[in-house]
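[1] prediction below, plus the sequence it came from.
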Amino acid sequence: MSLEKLHIDTLDGSLCGRGSVDFAPQLTATIHGQARGLNPARLAPAAAGQVGFDYQFSFAQKDDKASKPTTPEMQFKLTELGGHLAKLPFDGLTVDGSMANQQVSLDISNGTLAGGALKAKGELGLTGARPVALSLDLDRGALRDMLASTGVVAEGAISTHLKVNGSLGIDPLRDAQISFDWSIPSTVLLMPATAANQKTVRVPLSLALHGSFADQRLDVKQAKINLADASINAKGRVTMADLAKNTPVDLTVNAHIPQLAQIPWQAFNLPDLTGSIELKTEVTGSVQQPNATVDLRARKLAYAQWQLANLSLNGRVKQQQTSVYDLSLRADQLTQENAKKTADVRLNKLTLDAQGQWPQFVFNAQSADVGGGFSAAQRFRLTAQSPQGEVRLAIDGLLAQIGSTPILSWSGQIKHLDVLPARFEGKSIPSWHLEKPADLTLSKQQQTLGKTCLATDASKKYQSGHLCIDLARNLASQEKSKGQMDADLPLALITPWLPIAADLPGRVRVTANGSITAGQLGGSLKLSLPDSEFRLPDTLDNQAYHYKNVDLTARVQSGVVNVAVAADVPQLLNIKGGGTVGLAGAKPLALDLTAALPSVRVLQGFLPQVAGLKGQARADLKVAGTLDQPKPSGKLTVDQLAFTLPDTGVAYDQGTLNAQIDSNGQLVFSGGLNGLVAQDSANTIPANKQPSAVAKGHLRIQGTGDLAKLPQWEVQAQIQGQDVPVLRLPSLLIDASPDLTLDASKAGAKIGGSITLPTVTARIEKLPDAVVKSTNDLVIVGEKKLTPTTAYPVTADIKLILGQAVSLAGMGFSTGLTGTLNLRLRPNAPLAAFGEIDLINGTYKAYGQNLAVKQGRLQFVGPLGDPGIAATAQRVVGDTTVGLNITGTLYQPKTTVFSSPSLPESDALSILLTGKPLSDSGSGDRAMLMNAIAGLGVAQGNDIVRDIGQKFGFDSVGLDTSGGFGDTQLSLGKQIGDRLFVRYAVGVVNGLSELITQYKLSNLFSIEITTSPDATGGDLIYRIH
C-alpha cells in the first residue's frame, strides 16, 4: 500500500509525510516527512514551546523461523531538529534511534543546545536486568538560555558531563545497580549589575558528584560544589532497605562560606545576605537510632536592616540506653538600622540550651512515627538580654505518644521565669518572677498554658502585685480558643513612663476572659481602681487628690463590644460614658462621653512651659458612623482660662473657647484671650501673677470645619488681635496685632494675612565674645545629624508690618525701624523674607564720638539669617564731613571710609574718631585707631594700618585676609636688633590673638615660636635664596 500524502494538524502545528506499507511476506512500513510548529504544552504544560524537524521512520515485524514470537524492529531519524522548549533553545540536532532485540538505543549529535555543542548516547534494555548506559556532553551552553525558565539572570557559558552505567532491574528501588558521574568543570557566571551592585559580578562555579546505588544503598563518594569562594562537601552512605529495621547511615556534610556577600543572591530571587558561615555535620549509626554532631558558626550576618554579630549552634545526639541529645545555641549583638542610619541594639545576648531524649522513630513507606509507648524527657533553658532588660526561662517536659495513635504530645511545666526590666530614663522598674510552676501542653490538636502567675517583689517604692493568665486552644472542640486573666497591681508601676513625678499609692485590678467559638469572639473585661488618692509633687502644690468610682468595663458578644467608663476626681475631673462598637460588617459606632474638668490645673504637669494654669472645661461628645468613618458631634466649652509663660514674661487670662459639632459633622468654634503685663511695662510677669498686672490687648479666634468624612477633615479659622503682648523680657519687648487666616486639612495647612508689630523695643547690652556665624560645610566631630522626617506640610504667606514704636538700642547704637516684610514658608524649606527695613533717626556712639545714621536699610531677599545692609554714618568737623559707608550682608559687612572734601583714608578715619587728622594724633590715639580698624572691618584697612604704623614707628603693620573674612588678622611687628623680630596678631572677627617671635640663626636658618592662649609651638625654617 502506498501512502501518497499524510497531513495532520496537531499540537498547534502540523505533521506531514508520505511512505508505504507492505503486508507480505512480513509487515513493514516506511514513512518520511516533516513536522512544523508543534507545541508540546498540550501534553506537558511545563514544556511549552515550538518544535520542528524532518523525520524518517521504518518498522518491521519479523517472523522468527525458530517458532519464537515475532519481534518488532523500529528505526527513526530526526534531522534539523530545532525550536525551544521551556524557553530552552536547540537547533540543528540529529537524533538516531532504534528498538531491536528488546533494547532501545538513542544517539544525539551535530546540533546545539542553548548554543553549546550537544552529544549524547543512551541504551536501555527492556527485559531481564534492564541494563542502562547513558553518556551526555554539553560544551559551552549559554547560561542565559539554560536558566531562562527559572527566572535566574546570568551570563556566561557552562559545560557539563554526565555518565550513568548499570542496570535498573524489575524494581529500581530494590534491584538497581547503578554508578553515576556528573561534573561541571570550572566556569565563571557573569551576574549583571543590579541596583545594589552597580558592576557585573564574576562568580566562579564548579561541581563534581560521583557515587553509586546498589543493594538498596546510596554511596556518595564525592559531592562538591564551589560557588564564588564558598564550598560545600559531602560524602557517605545511606542504606534504604526496610525502614522498619535498623537502617545504617554514615554521612558527613561540611560547608565553608567565608563571604556570603560574594554569592549573587538576587540572581536566584533571594534577599542579599552578608557575613560568613562554617558548618560541620556528621551522622552515623542508623536512621532510627543515629549518632550525630552539628557545629555551626556564623559571624557578622546581615539581612536588610538587621545585623547579628555572632551565632553558634552545637548539637550532639548520642546512643546510650536511649538516644540522648544536647543542643546549645548562642547569639550576640542583634541590631537594627533605624531611620537615622544608626544601629539600634535589639538583643545583646541570647543563650538556649536543650537536653533530653531523642524519639525512636518507626519508618514506613508513607510516614515516620514514634515507636509504641515511647516517651522522651526534655529540658530547655533560655536567657535573653537586651537594652530593655533580661528574661530567664526554664522548661521541663516529656514528649510522648498519645495512646495508640501516632499523634505526639509534649507536656511539661514552666519551672522558672524571671523578667528583669532595665531602668527607664534613669527610673527603676520592678522585676517579675513566676510564683509557682505552670503546666504547658503542646500537640497538633491542643495547646494549653495552665494558670501562670507572675509577681513583683515589694520594695520601698513599689507594693507587691501579681498577674495571672490561663490559655487553651483545642482544634477538636467547638470552643477552639479561650483564656483568662486576673491582675492586682500597684498603680505606681506606671510612674516611670509618666512625663511628671507622681505619688500613686493606689492599686489597679483587672479581670478578663475571652473565647473564640465557631469563629465568633466573646468575652469581658473589667478594670477598676479602688478608691484612693494621688499626689503630683511638682505640680498642684503636692496636694492630695482623692478619686473614686474609677471603672472601665467591656463585653464582647455577637460581634458587638459594649463599653462603659466612669471616673470621679472631685475638683479635678469627672468622666462618664459608654456605648457600642461593632466588629463585623460596617463596624457601626454608638458612643457617648461626658467629661468635666472643674480645674484644668491638672494638665499643667504635661505643659512644662506653662505656669499658673487655671480655668475649667467641659465636653459632651457623641460618636456615630462606623469605625472606618466616625461621625462625631457635641460641644466643648473652656472658661476662665488663665496662665503665665515664664520664658516670655507674659501672662494671659479671661480665656474662652466654645466649639460645637452638629449631627452632620459641621464644626463651629470661637474663643478669645486677654493679655496681661506688669504695671511697669519694663518688667516681666513672674510665674505667679502679681496683682499689679494690668490687661493689655485681646486675641480672638473663630472658624468652621467639616468633620463629616473622617479621617478626612477641613478647618477654616480667622485669628485677630490688637496689641497682644508677646514678649516682656529685659532685652526685648514685643506686642503684636495679628490678622491671619488658616485653611487646614489632613493634606496640609495654608496661613495667610498680616501681623502688625505696633511696639517693639530691643535692648542689646552685649554680644558674646568672638561670635562668628558657622558655615554650611562645618562638620562637628561626633555630632549626630537628624534625618529629615516627613512633617505636616504648612504653606504660609504673611505680611509683617513694623509699627510706629519699633526701636533698637544697645552697644552705643540707637535707631527706629520701619518697613514691611513678606514672610514665605513652604514645605521642606526654611522661612524666607522679602522686603526692606529702614533705619530712621539713628545714632551711633563709638570711641567717644557721636555719629548720625543719615540713611540705613536692611534688605531681605530670601533667608532671614543674613540680610543685606546699606547704611551711612557720619559726623561734621569744621568744614569737613567724614563717615562710614556700610554695605554687604549682616554677617559679612564691608565698611568704607569717605570724606568731603576728599582726604586720605587714614586722615578721614582719624578725624572721624578723634576730630583731628592723623598727623596731629598723639601716641594715645594709636590704640583707638587700631581697635577701630579691627572692630569695623574697614575695606581700606590695610592701607590705613600701614599709614598708622609708619606714623607710630612699627616696622610691619597690615591686615591679612588670606584665610577669608572669618580669619582676618590685624598684625603689628617690630624689628629688634639684626636677628630678632616680634609680631603681634589679633583676629578681627574671632578675637583670637597670638605672639610670633622670629630669631635668625644664619642666612639659611631661623627659629619661629608662636604663642597663643591655647597653645605654644615652634618651627625651624630653612630659606632658599
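    Perfect, I can see it now. Residues are numbered from 1 along each chain as shown.
[2] mind listing the helices for this protein?
    143-146, 172-175, 905-914, 926-936, 941-952 (DSSP state H).
[3] what about the last one, average pLDDT?
    Averaging pLDDT along helix 941-952 gives 52.
[4] how about the second one?
    The average pLDDT within helix 172-175 is 84.
[5] what's in contact with it?
    Where contact means Cβ atoms under 8 Å, 6 or more residues apart in numbering, the residues beyond helix 172-175 that reach it are 129, 167-169, 216, 240. Yep, even glycine has a C-beta here, placed from its N, CA and C like the rest.
[6] going by neighbour count, which residues in that helix are buried?
    For helix 172-175, a neighbour-count test (16 or more other Cβ atoms under 10 Å) marks nothing as buried.
[7] list the buried residues for stretch 315-326?
    Residues of stretch 315-326 classed as buried: 315, 317, 322-325 (neighbour count, 16+ other Cβ under 10 Å).
[8] what residues are up against the nearest residue to residue 628 once chain neighbours are set aside?
    Spatially, and ignoring its direct neighbours in sequence, residue 628 is nearest to residue 587 (6.7 Å; Cβ to Cβ, 6 or more residues apart in numbering). Listed by Cβ under 8 Å, 6+ apart, the contact set of residue 587 reads 581, 626-628.
[9] of those, just the buried ones, ChimeraX syntax please.
    To isolate the buried ones among the contacts of residue 587 in ChimeraX, judged by 16+ other Cβ under 10 Å, type:
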select :581
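[10] out of the contacts of residue 587, which sit inside strands?
    When the contacts of residue 587 are checked against strands (DSSP state E), the matches are residue 581.
[11] format the contacts of residue 587 as TSV; extra columns: distance to residue 569 and pLDDT.
    Converted to TSV, the contacts of residue 587 look like this (distance: Cβ to Cβ, whole Å; pLDDT from 0 to 100):
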residue	distance to residue 569	pLDDT
581	26	94
626	33	92
627	30	89
628	34	89
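[12] closest to residue 227 out of the contacts of residue 587?
    Closest approach between the contacts of residue 587 and residue 227, by Cβ to Cβ: residue 628, at 50.6 Å.
[13] measure that closest one to residue 651 for me?
    44 Å (Cβ to Cβ, to the nearest Å).
[14] just residue 501 next, same as before
    Where residue 651 is concerned, residue 501 sits at a distance of 25 Å (Cβ to Cβ).
[15] residues contacting residue 352?
    Residue 352 touches 327-329, 380-382, counting by Cβ under 8 Å, 6+ apart.
[16] go on, residue 223?
    208-211, 232-235.
[17] and it, how far from residue 203?
    20 Å.
[18] cool, and residue 125?
    Going from residue 125 to residue 203 by Cβ to Cβ gives 42 Å.
[19] and if you look at residue 345?
    From residue 345 to residue 203 the distance is 34 Å (Cβ to Cβ).
[20] with neighbour numbers in mind, choose between those two.
    residue 203 (19 against 12; other Cβ atoms under 10 Å).
[21] excluding chain neighbours, what is closest to the more buried one?
    Leaving aside its sequence neighbours, residue 203 sits nearest to residue 189 (Cβ to Cβ, 6+ apart; 4.2 Å).
[22] can you pull the contacts of that neighbour?
    By Cβ under 8 Å, 6+ apart, the neighbours of residue 189 are 143, 154-156, 202-205, 264.
[23] filter those down to the buried ones and hand me the PyMOL line.
    Selecting only the buried entries of the contacts of residue 189 in PyMOL, with 16+ other Cβ under 10 Å as the criterion:
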select buried, resi 143+154+156+203+205+264
